[in-house]
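Enquirer: pasting the sequence and the predicted coordinates here, then a few questions.
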Amino acid sequence: MQTLEGRRLIRVRTYRADLRRPFPPSFAERLEGRRVEKLARRAKYLTIFLDDGWVWLIHLGMSGRMLIGPADDTRPGKHDHVIVETEEGLRVAYNDARRFGLMDLCAKTDLAEHPLLAALGPEPLEKAFTPAVLAKALSKRSGPIKTALLDQTLIAGIGNIYASEALFRAGIDPTRPAETLGLKEARPLVAAIKAVLAEAIEAGGSSLRDHRRPDGELGYFQHAFAVYDREGMPCPKCDCAEGVRRLVQSGRSTFYCAKRQR
DNA sequence: CGGCAAACCTGCGAGC
DNA sequence: TGCTCGCAGGTTTGCC
């Protein structure tokens, strides 16, 4: 998507009225003619800053992806819901089989107060995300630490895969009540969260089944999971008999090593 | 308010 | 081979 920076959007087409939510009024018309000034991210939201002071907000949901290529064929492919063409002959298609994603437009000056962003917790990759900050957030929760890590109002941007991976690296039992983690255990957990997210971004993201990178390849980080989706396989860090275990917390799979994580 | 289940949607893999 | 069924992901909604 870096490839969009600096480009002018000359043609925007939507192929349905909504994703998870309806597109905002006059969505395509408000994008057409705009130049992209900057791409950024807040939690799992992509923020595209436009030259008229508005921001194009995109969430990929679970199966959303941006397909980038030349604009010589503008017909929508299967599950292409929005297609953008730039002045330079680039075609960017938002493709999302499950339509759990969403798009919105927001004035740059109101971005922090946008309903989808206002309640988000701190960015884990920022310097300000410290063990003290994490410990304080977790002290408010009596539920399991794994579930708390997925709460976007406590910490922004951790998904189900990375919650398991971070807890494994930090050696923390996913069922531990969040409030029982003190500063001492928040320290390795912060380090693990930062490392897991940074490595995943560096590797081009994770992917499962039909989720692919823009070039069609699986996200490389998929090949680096220590525990996620590895039930029954040996723990990569110890020789325990059971290997990686799976449990369900709040309806989501958690993978962990019972011997290593306490 | 916290915690949890269900809902949204589709593709895929397992099992018959 | 072809069918059904369960499950995966992120977030919101609704119920206790």
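Expert: Nice, I can see it.
Enquirer: residue numbers of the stretch 101-250 of chain A in contact with DNA strand C?
Expert: A:116, A:150, A:152, A:159-161, A:208, A:228-229 (Cβ under 7 Å from any atom of the strand). Heads up, the C-betas are built off the backbone N, CA and C, glycines and all.
Enquirer: would you mind checking these for buried ones?
Expert: Among these, the ones that count as buried by 16 or more other Cβ atoms under 10 Å are A:116, A:150, A:152, A:159-161, A:228.
Enquirer: which one of these is nearest DNA strand B?
Expert: Set against DNA strand B, the nearest of those by Cβ to the nearest atom of the strand is residue A:150 (10.1 Å).
Enquirer: just to revisit the earlier point, which of the residues of the stretch 101-250 of chain A next to DNA strand C scores worst on pLDDT?
Expert: The weakest per-residue confidence within these falls on residue A:208 (38).
Enquirer: quickly find the element holding residue A:84.
Expert: Assigning secondary structure by DSSP states H and E places residue A:84 in strand A:80-86.
Enquirer: can you check which helix is longest in chain A?
Expert: Longest helix of chain A, by residue count under DSSP state H: helix A:183-202.
Enquirer: could I get the buried residue list for that one?
Expert: Buried-residue list, helix A:183-202, by 16+ other Cβ under 10 Å: A:185-187, A:189-190, A:192-193, A:196-197, A:200.
Enquirer: got a list of what residue A:168 touches?
Expert: Taking Cβ atoms under 8 Å, 6 or more residues apart in numbering, we find residue A:168 in contact with A:226-227, A:237, A:255-257, A:260-261.
Enquirer: quick one, the helix or strand that contains it and helix A:183-202 angle?
Expert: Using DSSP H and E, residue A:168 maps to helix A:160-170. Orientation check (axes from the mean of the first three to the mean of the last three Cα atoms, to 10 degrees): helix A:160-170 against helix A:183-202 gives 130 degrees.
Enquirer: buried set for stretch A:7-21?
Expert: Those would be A:7, A:9-12, A:14, A:19, for stretch A:7-21 by 16+ other Cβ under 10 Å.
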